[in-house]
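**Student:** Got a sequence here, can you model it:
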Amino acid sequence: MKFFVSCAKGLEYLLADELLALGVAKASATIAGVNAEGEAVDAQRAVLWSRLASRVLWPITEFACPDEQALYDGAAEVNWQKHLSAELSIAVDAHVSGEAITHARYAAQKIKDAIVDQFRNFALPRPSVDVENPDVRLNLSLRKGRATLSIDLSGGPMHRRGWRKEQNEAPLKENLAAAVLLRGGWPQAYRDGGALLDPMCGSGTLLIEGALIAADVAPGLQRYGNVLPTRWLGFDAKTWRELFADAVAREQAGRAALKPVFFGGDLDPRAIRGAKENAVLAGLAGLIEFEVRDAAQLQARASERGLVVCNPPYDERLAADAGLYRMLGDALKRAVPQWRASLLCGSQELAFATGLRATKKYQLFNGAIECALIVCDPIFAAKPESEPRPLSEGAQMVANRLRKNLKKLKPWRERESVTCYRAYDADLPEYAAAIDVYTEDGGDGRTFLHVQEYAAPASIPETDVRRRFGELLAAAREAFAVPSERVAVKSRERGKGGSKYGRFAEREEAIVVRENGARLKVNLFDYLDTGLFLDHRPLRARMAREAKGKRFLNLFCYTGVASVQAAVAGAAATTSVDLSATYLQWCADNLQLNGLGGAAHQLVQADAVGWLEADRGQYDLIFYDPPTFSNSARADDFDVQKEHVRLLRAAVARLAPGGTLYFSNNFRRFRFNNDAVATFAGFEEISRMTLPPDFERNPRIHRCWRLRRPGEGA
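**Tutor:** Have a look, this model is predicted:
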């Protein structure tokens with residue numbers, strides 16, 4: 001007999017393997033289920049033992065169904081007295097697709113009408129309807145004009161094991177939990193003496209399901225107890241009781257031999273209380289160790305091998321935080337690097353954010369939410385230590401220069417608490433690159449390098465360019481003692497149109513640094529720029545000192561660093577304007593890192609030129625640092641040479657009496673319109689005063705001017 005076993009999307013092939021292991025003759029995966037062939041006992045065994053199935057459906061009729069009348073007639077053709085008696089209650093679950101019948105509840109009602117009318121025609125009492133707990137549950141599937149009516153042998157959702165009392169805000173269904181465990185190889189890991197760990201266990205679903213798998217407990221035992229799954233007249237009650245008795249015997253033996261190798265933690269005390277109650281109801285009291293614990297504080301386990309399972313938050317109710325996933329990955333690499341992990345993540349991007357290298361990836365669905373299951377085995381494989389290769393003569397020369405620069409800059413860095421700075425700027429012309437250092441604020445205080453290659457003359461052979469850049473990277477790693485994964489490289493490639501930067505990484509990894517008293521998010525790997533222009537450090541410090549109690553306007557704000565530092569220094573209000581939503585969100589993140597936000601700190605997504613000309617506010621301090629060129633589908637093209645007078649006039653119009661405007665740009669061929677500039681009182685160039693010591697080799701990195709508006713009565 002052919003029957004259908006449904007499951008969540010993504011579990012089809014796993015379910016097919018499980019059904020074959022349970023004894024069905026054939027099992028072929030299809031969308032959201034498996035078409036199976038076997039005897040009635042095989043279907044009943046699946047109801048009792050399948051850990052992955054949602055329903056087991058035994059078909060009783062199939063017919064063409066072009067319209068609602070055909071639906072009624074097809075159901076009326078069934079001899080319902082072979083399947084039901086009048087005292088039994090029924091419910092109909094309908095799943096319809098196509099244009100003929102579009103409402104599932106209406107289709108279910110037509111099936112119910114056909115059944116009731118047939119009993120009435122034979123002058124028999126009509127079966128009653130019990131939607132919640134019927135004696136017999138029917139299932140209608142209507143696709144492509146074909147209707148299939150089946151008996152739901154499982155009587156209800158099979159993911160319900162019967163032990164759950166408490167659940168967290170976003171519970172994981174038990175059959176999906178079983179898939180996470182099986183994909184992670186938990187049964188074999190337990191047989192090999194391994195432990196099971198869930199560092200974000202919530203209501204304990206993964207650990208409880210894992211313990212019941214290890215104890216050989218049939219999922220249907222507690223769900224049904226001494227009650228038959230269905231009172232369908234075709235159900236073989238005698239066979240069911242034999243299957244059930246065998247499962248009870250296996251459960252007793254399995255529970256008696258179960259080892260207490262299950263460990264769970266969660267930051268929420270309520271979740272831990274609920275998990276403990278669920279474990280008691282599942283008959284696992286004392287076998288699972290639960291504790292209130294931050295996953296970031298995960299301790300190393302004595303067991304040499306085991307499996308980590310986890311379902312970190314990711315949906316609309318529990319915000320998906322890439323930083324949380326990164327923290328989880330770091331904690332696992334530190335505490336249990338040689339274990340295996342099976343992690344159900346909200347998306348491929350969040351899975352990537354863990355920083356773990358997946359050996360296998362699967363697409364699963366938690367309800368309607370598409371998830372990514374990654375299996376890592378092991379969690380972290382340390383690279384074998386090898387003898388460091390001696391630096392080449394050229395690399396040694398670069399390393400010596402780096403050490404010399406560090407020694408020279410050290411007194412200044414310590415005096416001014418500078419932790420992000422330029423350490424090398426093509427000091428040796430044949431090694432043409434800039435090396436910037438970023439030191440993490442807090443955490444392990446890790447050091448990162450940002451290496452940006454300059455374009456080599458076309459006369460230099462490409463092989464020499466690549467060799468020299470490789471030597472520079474080797475020198476930088478040795479001089480700063482940093483691993484290669486903490487070196488962000490922006491290298492150039494040659495192609496049509498000249499030298500250009502190649503593709504960047506997509507690590508979505510941000511670190512937090514500190515500058516001028518503010519904590520700031522930088523991303524060294526994913527963009528050409530990092531989110532922090534180091535050469536403007538003195539200018540930002542200058543504006544922060546002047547900002548206390550002032551209204552600060554930041555045009556072309558980028559990631560808002562100047563706004564944040566002004567706010568930290570006590571600015572009364574800040575307004576940050578940029579056309580990029582990405583940069584404004586970055587600015588918002590920077591404000592939040594420093595405990596700032598609210599109406600006093602406005603973020604405006606707009607073309608800075610148009611917005612400024614329409615604005616009617618007044619500001620005591622304005623920072624205007626436009627790009628050299630800009631083109632966008634959302635705004636007119638911008639050219640700083642052509643537009644600087646227009647924008648300066650608009651900015652001066654918004655400057656309060658006694659206010660100060662700082663104008664900067666990095667266009668090396670920039671020339672002021674002298675006639676127009678002459679109309680601005682108190683306009684002076686201060687470029688040399690804004691150049692930091694670490695950029696003294698490149699005095700043209702930017703130019704800066706200050707304009708002061710006289711106070712009232714001046």
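
**Student:** contacts, neighbours, all on C-alpha from now
**Tutor:** Fine.

**Student:** What ranges does the stretch 501-650 of the chain have for its strands?
**Tutor:** Shown for the stretch 501-650 of the chain, the strands assigned by DSSP state E, counting those that start in this stretch span residues 511-515, 518-522, 551-555, 573-578, 601-605, 619-624, 629-632, 635-639.

**Student:** for the ones you listed, which one ends up most surrounded?
**Tutor:** strand 551-555 (a mean of 26; mean count of other Cα atoms under 10 Å).

**Student:** Could you list the residues in contact with that strand?
**Tutor:** Outside strand 551-555, the residues within contact range by Cα atoms under 8 Å, 6 or more residues apart in numbering are 560, 562-563, 566, 571-578, 608, 618-626.

**Student:** and that strand, how far out from the chain's middle?
**Tutor:** Chain-centre distance of strand 551-555: 34 Å, with Cα atoms, centre = their mean, to the nearest Å.

**Student:** So in that sheet, which strands flank that strand, and in what orientation?
**Tutor:** Partners of strand 551-555 in the sheet, by DSSP bridges, are strand 573-578 (parallel), strand 619-624 (parallel).

**Student:** Let's have the ones you listed in CSV, adding distance to Asp266 and mean pLDDT.
**Tutor:** Output for the strands paired with strand 551-555, formatted as CSV (distance: least, Cα to Cα, whole Å; pLDDT from 0 to 100):
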stretch, distance to Asp266, mean pLDDT
strand 573-578, 39, 96
strand 619-624, 46, 96
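
**Student:** and of the ones you listed, who's closest to Ala426?
**Tutor:** strand 619-624 (28.8 Å; Cα to Cα).

**Student:** Starting from the helix or strand hosting Leu20, tell me the next helix or strand along the chain.
**Tutor:** Assigned by DSSP states H and E, Leu20 belongs to helix 12-21. Remark: after helix 12-21, the chain's next helix or strand is strand 26-30, criterion DSSP H and E.

**Student:** what's in contact with that following strand?
**Tutor:** Glu12, Tyr13, Leu15, Ala16, Asp17, Leu19, Leu20, Val34, Asn35, Ala36, Glu37, Gly38.

**Student:** now the third one: how far from Ile31?
**Tutor:** Taking Cα to Cα, to the nearest Å as the criterion, Leu15 is separated from Ile31 by 12 Å.

**Student:** Who has more neighbours out of those two?
**Tutor:** Neighbour count, other Cα atoms under 10 Å: between Leu15 and Ile31, Leu15 has more, with 25 against 13.

**Student:** pLDDT wise, what is that one at?
**Tutor:** On pLDDT, Leu15 comes in at 97.

**Student:** Over to Arg317?
**Tutor:** pLDDT recorded at Arg317 is 44.

**Student:** what does Gly498 give?
**Tutor:** pLDDT for Gly498: 54.

**Student:** Over to the one 5 residues further on?
**Tutor:** Per-residue confidence (pLDDT) for Arg503: 51.

**Student:** what's the answer for Leu603, then?
**Tutor:** pLDDT, the model's per-residue confidence, is 96 for Leu603.

**Student:** Let me know which of the strands of the stretch 501-650 of the chain is the nearest to Trp49.
**Tutor:** Nearest of the strands of the stretch 501-650 of the chain (Cα to Cα): strand 511-515, 47.8 Å.

**Student:** got the angle between that closest one and strand 518-522?
**Tutor:** Angle between the axes of strand 511-515 and strand 518-522 is 140 degrees (criterion: axes from the mean of the first three to the mean of the last three Cα atoms, to 10 degrees).

**Student:** Quickly run through the sheet partners of strand 511-515, with directions.
**Tutor:** strand 518-522 (antiparallel).

**Student:** So what touches the strand it pairs with?
**Tutor:** Residues outside strand 518-522 that contact it (Cα under 8 Å, 6+ apart): 441, 510-514, 530-532, 561, 564-565, 568, 586, 589-590, 593-594.

**Student:** quick one: which of those sit in helices?
**Tutor:** Members of these lying in helices (criterion: DSSP state H): Val561, Val564, Gln565, Val568, Trp586, Asp589, Asn590, Leu593.

**Student:** So the fourth one is in contact with Glu515, correct?
**Tutor:** Translated: Val568. No - with contacts counted by Cα atoms under 8 Å, Val568 stays clear of Glu515, the gap being 11.0 Å.

**Student:** contacting residues around Ala335?
**Tutor:** Here Ala335 is in contact with Leu298, Gln299, Ala300, Arg301 (Cα under 8 Å, 6+ apart).

**Student:** which of these tops the neighbour count?
**Tutor:** Leu298 leads the contacts of Ala335 on contacts (other Cα under 10 Å) with 17 neighbours.

**Student:** Mind listing the residues bridging to Val577?
**Tutor:** Beta-bridge partners of Val577, counted by DSSP bridges, are Leu555, Val604.

**Student:** That one and Pro538: what is the separation?
**Tutor:** 22 Å.

**Student:** Equivalent analysis for Ile90, please.
**Tutor:** As judged by Cα to Cα, Ile90 and Pro538 stand 78 Å apart.

**Student:** out of those two, which sits in the more crowded spot?
**Tutor:** A count of neighbours by other Cα under 10 Å puts Ile90 above the other of Ile90 and Pro538, at 22 against 16.

**Student:** Can I get the one helix or strand that one maps to in CSV? Just the C-alpha atoms.
**Tutor:** Element membership of Ile90 [criterion: DSSP H and E] is strand 89-96. The C-alpha trace of strand 89-96 is given here as CSV (Å, rounded to 0.1, in the frame of the first residue of the first chain):
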residue,chain,number,x,y,z
SER,A,89,-16.2,12.4,16.3
ILE,A,90,-14.4,13.6,13.2
ALA,A,91,-12.3,16.6,12.0
VAL,A,92,-11.1,17.4,8.5
ASP,A,93,-7.8,19.1,7.7
ALA,A,94,-7.8,20.4,4.1
HIS,A,95,-4.9,21.6,2.0
VAL,A,96,-5.9,23.1,-1.4
